[in-house]
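Q: For reference, the sequence and a predicted model appear below.
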Amino acid sequence: MFTPAAKATAEKLGLKMGRANLEEFAATLEELAQTNPNIIAVTSDSRGSGKLAPFGKALPKQIVEVGIAEQNLVGITAGLAACGKKAFGVSPSCFLTARSLEQIKNDICYSDVPAVLIGISSGTSYGALGTTHHSLHDLAVLRAINNLTIIVPADNFESRQAIFFAAQSKKPVFVRFGKAAMYGLHKPETKFEVGKAITLREGNDVAFIANGETVVHAVLAAALLAERGIQSRVLSVHSVKPLDTKAILKAGRECKAVVTVEEHMVNGGLGEAVASTLLQAGACKPFRIVGIPDEETVPGAQADIFRHYGISMEGLSETALNLLK
Amino acid sequence: MTDHDLQLKATALRRAMLRLIVNAGAGHTGGGLSCLDILNVLYNRVLNVSPQTFTSPTRDRYVQSKGHCVEALYAVLADRGFFPASDLDTVCHYQSHYVGHPTRHIPGVEMNTGALGHGLPICIGMALAGKMDSASYRVFTLLGDGELAEGSNWEAGLAAAHYKLDNLTAILDHNTLQITGHTRDVMSNEPLDEKWRAFGWEVRSVNGHDYAALTKALTEPSPGKPVFVIANTVKGKGVSSMENVAKWHHGVPSEAELKQALAELDAAEAKLKKAQ
């Protein structure tokens, strides 16, 4: 995932490597479920992929296996939630948000049950397995559905906080987790609030507005640019919906250029949400959406795909420099 | 409530349903008439739910998977006092929550349905929650013939038997017609009894307009097994010109057709009263 130069920059910044956000999710859910018997995990032969095997062993009465049947998974999750359970439907994001999209739209969001959907191994986490296993559409399709909070955590801290939020939410929530080990980006005292972006670095030359597993690359790019005297602002927009339009507008107005970064197709994701926010407010600055372009994704592991499309310290700093020319 | 009482009530419910469809200018007349007796027996004899107990965690749950036949459900819920009958005047009107498929905005409706193949998986979740809580409530859903072509029903069919959900009953409004025509010509699904039995369900095949038979099928226990009731019905039941005619799937009666249908139902009611 990281070049030696990127690792060296991370070290200089004092970033510590954590575990996969997916592992953080599973551990947090199990911790909460130990004291809340109403928490039920629903899996589609996905407890291994979702790192929930220990949960299943520790709390066998709080896990429901539905087999490889994602439509059924979402319907059952909705039914459990409608009857007072805090149900977490856990399935690979690629299948969960495509095959069972209608169940998400109707059974969860339209019926307005307090269910949580967890998209595991999202984005290009399953990189080398090919397009069937990529979820580069999930944010676009879910953004177009009313009554769903969408969270894309950047590191273990945001992942844990997202699960705390989801566990107490009275409304539908979707959270997406990747399976690569992530650097910690936040101090423990950081305030996490759904609908509020977290500013990781202040600067007024270029704003990196990113989420999920791409945020760290923006942080590293900002450090690299600082060595050249360019001051970057870095926002972790963990909450795609509701979107922190205030922080986005502030960045768009105060910075000379804006670069959005996401592990998603450039159509319909964070970048277009940010573009819409800025344009409708008349905040027009040099702007670039970095993500996966509208093409058959290049074969390779997640790290290869990120590098190929410029989601890296080197790629993002180059994009920023070009915009600032 | 006796069978005779239910039969009498059914004539009034059919009239109310037809009136609201004409007023709405839209609706699923044929399927509404075919499933009306099932809803009548559910809400007036089987389900442990009322306007007063609708928020109780121990109430029985009914999810209408064939949501397009909402007009029959509206007529039954209004009659049971879940909301004023005058609300039915607003069905499908601007800014009325009484849209053409069930939503939870309407008192008495458990889940928003309308896209087919959703009710059974939802009911499995509800039935599982009941088992987890050792609750006594039962869960019911109503499916349509054409709906069974949706694969999600068969995913759910496996799961309900796997989890031995004997608190779950799926009712098939088996009128054998769907929008395009006869189900056997659109996508054959028979033999349904053998299929659901092979999936591990207790299958009961009954006349879907026979209150005694429906009551027995919907109330007899089935330890360790979910129940699949094949309710053999007549699409358009109760109005001779609409019976077994596919075009009445979502046909809206003209004023003249409504008048004729109401007269027929009035006559049926008078005959029932006379027999009393």
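A: Done, it's in. Residues are numbered from 1 along each chain as shown, chains lettered A, B, ... in the order given.

Q: So which bits of chain B are right by chain A?
A: By CB under 8 Å from any CB of the partner chain, the residues of chain B that approach chain A are B:57, B:61, B:103-104, B:110-115, B:117-118, B:120-130, B:132-133, B:151-152, B:155-156, B:158-159, B:162. (Glycine included, C-beta is placed from N, CA and C.)

Q: Out of those residues, which end up buried?
A: B:61, B:103-104, B:110-115, B:117-118, B:120-130, B:132-133, B:152, B:155-156, B:158-159 (16 or more other CB atoms under 10 Å in any protein chain shown).

Q: On the three-state scheme, residue A:30 is what?
A: helix (DSSP: H, G, I helix; E, B strand; the rest coil).

Q: what's the burial count for it?
A: Residue A:30 has 20 neighbours, counted by other CB atoms under 10 Å in any protein chain shown.

Q: Any regions of the stretch 151-300 of chain A where pLDDT drops low?
A: Within the stretch 151-300 of chain A, the set of residues satisfying pLDDT under 70 is empty.

Q: how about the strands in it?
A: A:173-176, A:181-183, A:198-201, A:206-210, A:232-236, A:239-241, A:257-265, A:287-292 (DSSP state E, counting those that start in this stretch).

Q: Quick one: residues in contact with the one helix or strand residue B:268 maps to.
A: Assessed by DSSP states H and E, residue B:268 sits inside helix B:255-275. Residues lying outside helix B:255-275 but in contact with it, judged by CB atoms under 8 Å, 6 or more residues apart in numbering or on different chains, are B:4, B:7-8, B:11-12, B:14-15, B:18-19, B:22, B:238-242, B:253.

Q: With stretch B:17-29 instead?
A: B:32-33, B:36, B:68-72, B:74-75, B:88-89, B:91-93, B:100, B:236, B:239, B:242, B:248-253, B:255, B:258, B:261-262, B:265.

Q: picking up where we left off before, among the contacts of helix B:255-275, which ones are in helices?
A: Secondary structure from DSSP state H places B:4, B:7, B:8, B:11, B:12, B:14, B:15, B:18, B:19, B:22 of these in helices.

Q: so who does the residue nearest to residue B:87 when sequence neighbours are not counted touch?
A: Closest residue to residue B:87 apart from its sequence neighbours, by CB to CB, 6 or more residues apart in numbering or on different chains: residue B:98 at 6.2 Å. Neighbour list for residue B:98: B:74, B:87, B:88, B:90, B:91, B:92, B:106 [criterion: CB under 8 Å, 6+ apart].

Q: Domain boundaries for chain A, per the record?
A: In the assignment given by automatic domain parsing, the structural domains of chain A cover A:4-16+A:188-324, A:17-183.

Q: want to throw the ones you listed into CSV with distance to residue B:180?
A: Formatted as CSV, those follow (distance: least, CB to CB, whole Å):
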stretch, distance to residue B:180
domain A:4-16+A:188-324, 35
domain A:17-183, 21
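
Q: host element of the residue nearest to residue A:269 when sequence neighbours are not counted?
A: The spatial neighbour of residue A:269 that comes closest, neighbours along the chain excluded (CB to CB, 6+ apart), is residue A:139 at 4.5 Å. Element membership for residue A:139 (DSSP H and E) is helix A:138-143.

Q: just residue B:203 next, same as before
A: Secondary structure assignment for residue B:203, by DSSP H and E: strand B:202-207.

Q: Does anything pack onto the helix or strand following that strand? Which helices or strands?
A: Going down the chain from strand B:202-207, the next helix or strand is helix B:211-219, by DSSP H and E. The contact analysis (3 or more CB pairs under 8 Å, 6 or more residues apart in numbering or on different chains; DSSP states H and E) places helix B:211-219 against helix B:3-24, helix B:29-41, strand B:202-207, strand B:227-232.

Q: ranking these by burial, who's on top?
A: helix B:29-41 (a mean of 29; mean count of other CB atoms under 10 Å in any protein chain shown).

Q: Could the C-alpha coordinates of it be exported in CSV?
A: Output of helix B:29-41 as CSV, limited to C-alpha atoms (Å, rounded to 0.1, in the frame of the first residue of the first chain):
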residue,chain,number,x,y,z
THR,B,29,-59.4,-4.8,-8.1
GLY,B,30,-59.1,-8.5,-9.1
GLY,B,31,-56.4,-9.4,-6.5
GLY,B,32,-58.1,-7.3,-3.8
LEU,B,33,-61.3,-9.2,-4.3
SER,B,34,-59.4,-12.6,-4.2
CYS,B,35,-57.5,-11.9,-1.0
LEU,B,36,-60.2,-10.1,0.8
ASP,B,37,-61.6,-13.1,2.6
ILE,B,38,-58.1,-14.1,3.8
LEU,B,39,-57.7,-10.6,5.3
ASN,B,40,-61.2,-10.7,6.8
VAL,B,41,-60.5,-13.9,8.6
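
Q: Run the angle between that helix and strand B:202-207 for me.
A: Counting by axes from the mean of the first three to the mean of the last three CA atoms, to 10 degrees, helix B:29-41 lies at 110 degrees to strand B:202-207.

Q: What lies in contact with the following helix or strand past helix B:29-41?
A: Along the chain past helix B:29-41, the next helix or strand (assigned with DSSP H and E) turns out to be strand B:61-64. With contact meaning CB under 8 Å, 6+ apart, strand B:61-64 is reached by A:83, B:42-43, B:47, B:49, B:70, B:73, B:102, B:109-111, B:113, B:119, B:122-123, B:126, B:137-142.

Q: quick one: average confidence on strand B:61-64?
A: In this model, strand B:61-64 has a mean pLDDT of 98.

Q: Just list what the very next helix or strand once past it packs against, helices and strands only.
A: Remark: after strand B:61-64, the chain's next helix or strand is helix B:70-79, criterion DSSP H and E. When contacts are defined as 3+ CB pairs under 8 Å, 6+ apart, helix B:70-79 packs onto helix B:3-24, helix B:29-41.
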